[in-house]
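Novice: Here is the input, now give the coordinates:
(chains A and B)
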Amino acid sequence: MTPLKGIKVLDLSQEITGPFCSMQLSDGGAEVIKVEPVDGDWTRKLGEKIKGESSLFMSLNRGKKGIALNLQEAKGRDIVLKLAKKADVLIEDFGPGRAEEMGIGYDRLSKENPKLIYCAISPFGTVGPYADYPASELEIQSMAGFQWFLGETGGEPVRLGVDMAGTTGGIWSFIGILSALFNRKASGKGQKIDSSQFLNMIMMYTYIITAHHNPDLPGGWHFTGPFDHQENGYKTLDRALMFGMPIDAEKAQKGWEEFCRKVGLDALLEDPYFREKGMKMIGIGRDAQEFKPVIEPALENKTAAEIKAIVEGVGGYSAVFKTVEDILGEPQVAAVDMVQELDHPVAGRIKTIGIPWKLKDTPLKMQGPPPTLGQHTDEVLKSIGYDAKEIGALRGSKIVA
Amino acid sequence: MLNGVRVIDAGGWGVGPIACCLLGALGADVIRFEPPKLDGLYHAGTMQGGAGTAYITAHFNERNIILDLKKEEDRELALKIVATADVIIENHPPGTMAKLKFDYESVCKANPNIIYCASSSYGATGPLANSPSNDPLMQLASGFASLNGPPGSQGEMFRYVASVDFTTSLNIVQSVLLALVAKQTTGRGQKVEMSQLEATLALQTTRISEYFATGKSPMPMGTANPLIVPSQAFRTYDNRYINVSIYREEFWPRLCKALALADLEKDPRFATNADRVKHREELIPLLEEKFAVEPARWWIILLRRNGVPVGPINTVDEIYNDPHIRENKMIVKYNTMWGPALFSNFPLKFSDPPRPIKITGPVKPDKNRKEILAEISGKAGKGKSKR
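Specialist: Numbers count the residues shown, from 1 in each chain, chains lettered A, B, ... in the order given. Next comes the predicted model:
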C-alpha cells in the first residue's frame, strides 16, 4: 500500500510549482489528473527537447493522467466542475480571484464537495499590496532577498541557479495538502490552502531575520561589508574547492602545519601570523577571500581531488565544486536510487530524478511516465459519463484536445 | 491540523529541529530532547543573550527537557516519553543513535507504532553513507553551487541562508506527513529514511532535466535563464539593478509598450520566447540600453503599472520594512529568555483554522521537565498538552 492510495488529485496548474507538488503526490500514491490548456502546459514549449518532448515538462509531470481542456469555454469548465465533485484535492495557480471569476472557485466547488482540499498557488498570496503582481522565479528570489547573498559587492547580481521558489513552493503546497488530508480524517471536512511562493521563501529566510535583528549587536548582525564576498572557493588545476581544518583547536593546528608542508607552503609557517591564524582563515568568509592570493599559487599545479585527499589526510574537511554530471555519476546517487528511468510513449526511455523519501513499511513508487498532450482525455471524460459522440463534438469545437 | 500528534525532536543543529518546529506550527505537540551540554547550535555563530541566534530560530513551537541519553536512567525516561509519541525525528551522523541504543529497533520496543524519521547527509546506504556533511559542503558536493555565479565561472556557494539544510527540513516534514497519513489507514508506524543529498537532488529537478536532454551540465548564467528571454537583471540609470522576466508571452507586448519600443514588438526575431532565446544576443543590448536611461524606482513603478513582472533586489532591512510582508504578518517577534527575537511566520494560510496555526517562542532548556514527567507518570493523563 502506498500512503496516498485512493486519493484523487485534480491539478489545473502549469509551469513548476503546482506540477512539482502534484508529481510528489503521485509519487506518494495519489491518482493525479493533470488539466492542461488545449495548446499544452507552457513548459511543453520551453527548453531542451528529447524527440520533440520538453525535458523540463517531463521532469515535472511523471505518473499523471493528462487531459487538455479549454477553460475559457463554459463547456470546458463544466468538465472541471464534474471532476472536482469526485476529487479529494484540487490545485490551481490562476492567480487571486481568477478561479472565482471563472466560476470554479473554492466556495462553489466546496458546496458540492465539502471534503475537497483546494490549494491555490500564487506568487504573492491573496492579501497585501503585491497580490496582483506577476512574478517568476527570478523576481521572487530577488524580492525575498536571495540575491543579497550571491555575487560580489559592486559586481553584477547573481541568482540561485535552481528554481528555488518554484520547487520549494511545490513542497510547501504538498505540506499544506497533506496536513489538510490528515486533518480531514477527524473533521470530515476539506478546506482551502493559500500557498504563496514569496511568503514561502521568506520562511526560508528565518535564520537571517533572527540574526540580523540580534539586539545584542548594535544594528544587528550586518550581512554587508565583510560578509559580501563571493564564495567561489580556491582555484586549482581543474575544479575549484573549499576546505578547512578540524574544529578542535589542537587538531586544527597540527593539521594546518601538516597541510602547509604537503602543498609546499612551509614558508608560511615561519611567519607567526600565518602559523597561528592560517587554519582559521581558510574555510569560508572574508578571511578565506583575503587569504586566496597567499594560498592559491600553491594549489594551481594540483587537481582538486589531490588537494581534497591532502586535506582529508590531515583531518580537515573539503568539498569540490561538482557539476550536475559529476554528482549524477557518483555511485552514491545510484545507491539511494535518485536517478530512475521511465518509458515515455514518444521520447522513449527517459531519466528522471528519484523520490527523496524512503518509507520502509509503505514504499513509494513512480506511477509511470509523464503524459503526452491530451493522452488521457477520452479515458477521463468517459469516467465522468461523456460518450464517444459527445467527446467527438467537444474535440471538434476545440473544447478538449 | 496535526492536533493530537506528538513529535519528539531528537535532532541536532538545524535540520531536524526546524522540521519539528514546522510540525509544531501545524499543531503537533513537540517535545525536544536537549543534550546536557545543549545543542551545538546553542554555542555557535552570532550570539544573543548567551545563545546562538540560530538555536533560538530553530526551536520555536517546542517544549524542552534535558536528557542525557548516554545515562541509562535518562534513556529509560526518554523511552517512556517516546511511548506516548507518534513521531521521532533525528539527524545525527549514521550510527549515533544505535550507539545510544535509541535507533528504530530499540525505540520500537517501547513504541511499536512509532514513525521514526532518520535524516542523514548522503542516505542510509551506499559508499558515502557514513560521510558527514553540512549546508556549505552539500551545496558544492551535490551540484547545487555549480548552478550559481557569473557566466563562465565554476559556481559559487549561497551564503548564510542554509537553504539546503532548510530544504532537507521540508523534506523531513513531507515524509513524516506521508507516514502519518499512511498510519491512518494501516495503523502502523514505520521507519522513514531520507537525506540532504536526496532532498538537494530533488530540489534541482528542473535544472537536471537540461542535463538529461543534452548530456551537458547546466552552467551559471548570472541572473539569466537558459529557457526564457528576457529573464535577467538590468542595470538602471542610478547604478542599481532590477529583475525582469517575460515568462509568459502575454508579458512581451506589455514590456515593449512600457519601454516605448513599439518596433521590438513587431520584430519577427523577437516574436515568441523561442525566437527571443534564439536571438538573445541581439535583443538584450537593446533592452540594456533602454533600462540605463531611468532609475530603478522609475522602472519598477512603470513596469508594475503595465503588468510586467519586475523585482527589486531587496536587502534584509528592506524585507523587514516591506509593506506586503507587514500586511501578511510574515515576521513575528517573541520575547525569549535570550531577549527579543524575530522569526519568519508560517507561510501557508488555511481556511480552517486560519494562520497562525500555532506559534510559540523558544523556551529555556529543560523548562518543561516537570509537566512532561507529570504527563508520562499518568498524573496529567496521557492527553497531549494544551499549553
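Novice: Quick check: which element contains the residue of the stretch 101-250 of chain A found nearest chain B?
Specialist: Residue nearest to chain B within the stretch 101-250 of chain A: A:Gly161 (2.3 Å; C-beta to the nearest C-beta). Where you see a C-beta, it was placed from the backbone N, CA and C, and this is true even at glycine. A:Gly161 is part of no helix or strand when elements are defined by DSSP states H and E.
Novice: Go ahead and confirm it touches B:Pro218.
Specialist: Yes. Assessed by C-beta atoms under 8 Å, A:Gly161 is found in contact with B:Pro218 at 6.9 Å.
Novice: re earlier: count the residues that sit near the residue of the stretch 101-250 of chain A closest to chain B.
Specialist: 28 (other C-beta atoms under 10 Å in any protein chain shown).
Novice: ditto for A:Gly313
Specialist: Applying other C-beta under 10 Å, we find 12 residues neighbouring A:Gly313.
Novice: ok, now A:Lys8?
Specialist: Residues near A:Lys8, counting by other C-beta under 10 Å: 16.
Novice: same question, A:Asp78
Specialist: 16.
Novice: on that earlier part again, residues bridging contact with A:Gly161 and B:Pro218, i.e. touching both?
Specialist: Overlap of the contact sets of A:Gly161 and B:Pro218 (by C-beta atoms under 8 Å, 6 or more residues apart in numbering or on different chains) consists of B:Leu147, B:Arg207.
Novice: Spit out the contact partners of whichever residue of the stretch 1-150 of chain B sits closest to chain A.
Specialist: Among all residues of the stretch 1-150 of chain B, B:Leu147 sits closest to chain A, at 2.3 Å; criterion: C-beta to the nearest C-beta. Neighbour list for B:Leu147: A:Leu160, A:Gly161, A:Val162, A:Val324, B:Gly155, B:Gln204, B:Arg207, B:Pro218, B:Met219, B:Pro220 [criterion: C-beta under 8 Å, 6+ apart].
Novice: Could you find the closest non-adjacent residue to it?
Specialist: A:Gly161 (2.3 Å; C-beta to C-beta, 6 or more residues apart in numbering or on different chains).
Novice: I'd like the distance between the one you found and A:Cys21.
Specialist: 21 Å (C-beta to C-beta, to the nearest Å).
Novice: tell me, how many neighbours does A:Lys389 end up with?
Specialist: Neighbour tally, A:Lys389, other C-beta under 10 Å: 8.
Novice: Which element, helix or strand, includes it?
Specialist: Counting by DSSP H and E, A:Lys389 is found in helix A:388-396.
Novice: Give me the mean pLDDT for that helix.
Specialist: Per-residue pLDDT values over helix A:388-396 give a mean of 97.
Novice: Could I get the phi/psi values of residue 8?
Specialist: All of this is about chain A. phi -100, psi 130 (degrees, to the nearest 10).
Novice: my bad, chain B
Specialist: Dihedral angles for B:Ile8 - degrees, to the nearest 10 - are phi -100, psi 120.
Novice: can you pull the contacts of it?
Specialist: B:Val30, B:Ile31, B:Arg32, B:Phe33, B:Ile81, B:Val82, B:Ala85, B:Val87, B:Ile88, B:Ile89.
Novice: Keep only those of those residues that are in helices.
Specialist: Members of the contacts of B:Ile8 lying in helices (criterion: DSSP state H): B:Ile81, B:Val82.
Novice: Switch the contacts of B:Ile8 over to CSV; also include pLDDT and neighbour count.
Specialist: Output for the contacts of B:Ile8, formatted as CSV (pLDDT from 0 to 100; neighbours: other C-beta atoms under 10 Å in any protein chain shown):
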residue, pLDDT, neighbour count
B:Val30, 97, 29
B:Ile31, 97, 27
B:Arg32, 98, 29
B:Phe33, 98, 23
B:Ile81, 97, 21
B:Val82, 97, 25
B:Ala85, 97, 23
B:Val87, 98, 28
B:Ile88, 98, 30
B:Ile89, 98, 27
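Novice: Tabulate the contacts of B:Ile8 in JSON lines, adding columns for distance to B:Ala54.
Specialist: Putting the contacts of B:Ile8 into JSON lines (distance: C-beta to C-beta, whole Å) gives the following:
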{"residue": "B:Val30", "distance to B:Ala54": "18"}
{"residue": "B:Ile31", "distance to B:Ala54": "21"}
{"residue": "B:Arg32", "distance to B:Ala54": "15"}
{"residue": "B:Phe33", "distance to B:Ala54": "19"}
{"residue": "B:Ile81", "distance to B:Ala54": "25"}
{"residue": "B:Val82", "distance to B:Ala54": "26"}
{"residue": "B:Ala85", "distance to B:Ala54": "25"}
{"residue": "B:Val87", "distance to B:Ala54": "23"}
{"residue": "B:Ile88", "distance to B:Ala54": "22"}
{"residue": "B:Ile89", "distance to B:Ala54": "18"}
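Novice: For chain A, tell me which of the contacts of B:Ile8 show up nearby.
Specialist: For chain A, no contacts are drawn from the contacts of B:Ile8 by C-beta under 8 Å from any C-beta of the partner chain.
Novice: on that earlier part again, give the contact list for the residue of the stretch 101-250 of chain A closest to chain B.
Specialist: With C-beta under 8 Å, 6+ apart, A:Gly161 has these contacts: B:Phe144, B:Ser146, B:Leu147, B:Asn148, B:Gly149, B:Arg207, B:Pro218, B:Pro220, B:Met221.
Novice: In helices, which of those appear?
Specialist: Short answer: the contacts of A:Gly161 in helices (DSSP H) are B:Arg207.
Novice: what's the closest non-adjacent residue to the residue nearest the centre of chain B?
Specialist: In chain B, the residue lying closest to the centroid (C-alpha atoms, centre = their mean) is B:Phe166, at 3.1 Å. Distances taken as C-beta to C-beta, 6+ apart place A:Met204 nearest to B:Phe166, at 4.9 Å, with adjacent residues excluded.
Novice: I'd like to know how many residues surround residue 230.
Specialist: By default, I'm working from chain A. 19.
Novice: Actually, chain B is the one I wanted.
Specialist: 27.
Novice: where does chain B have low pLDDT?
Specialist: Chain B contains residues with pLDDT under 70 at B:355-358, B:379-387.
Novice: and if we set it to 50?
Specialist: B:381-387 (pLDDT under 50).
Novice: farthest residue from the center of it?
Specialist: B:Asp263 (43.9 Å).
Novice: hang on, it is in a strand, isn't it?
Specialist: No. If the criterion is DSSP: H, G, I helix; E, B strand; the rest coil, then B:Asp263 is helix and not within a strand.
Novice: wait, what's in contact with it?
Specialist: Neighbours of B:Asp263 in contact, by C-beta under 8 Å, 6+ apart: none.
Novice: swap the cut-off to 10 Å and go again
Specialist: Counting by C-beta atoms under 10 Å, 6 or more residues apart in numbering or on different chains, B:Asp263 makes contact with B:Cys256, B:Phe270, B:Leu286.
Novice: how much space between it and A:Ile171?
Specialist: Taken as C-beta to C-beta, the span from B:Asp263 to A:Ile171 is 43 Å.
Novice: Next: A:Leu381.
Specialist: 32 Å.
Novice: tell me which residues in stretch A:309-322 are buried?
Specialist: A:Ile310, A:Val311, A:Val314, A:Gly315, A:Gly316, A:Tyr317, A:Ser318, A:Ala319, A:Val320, A:Phe321, A:Lys322 (16 or more other C-beta atoms under 10 Å in any protein chain shown).
Novice: cool, and stretch B:39-47?
Specialist: Those would be B:Asp39, B:Leu41, B:Tyr42, B:Met47, for stretch B:39-47 by 16+ other C-beta under 10 Å.
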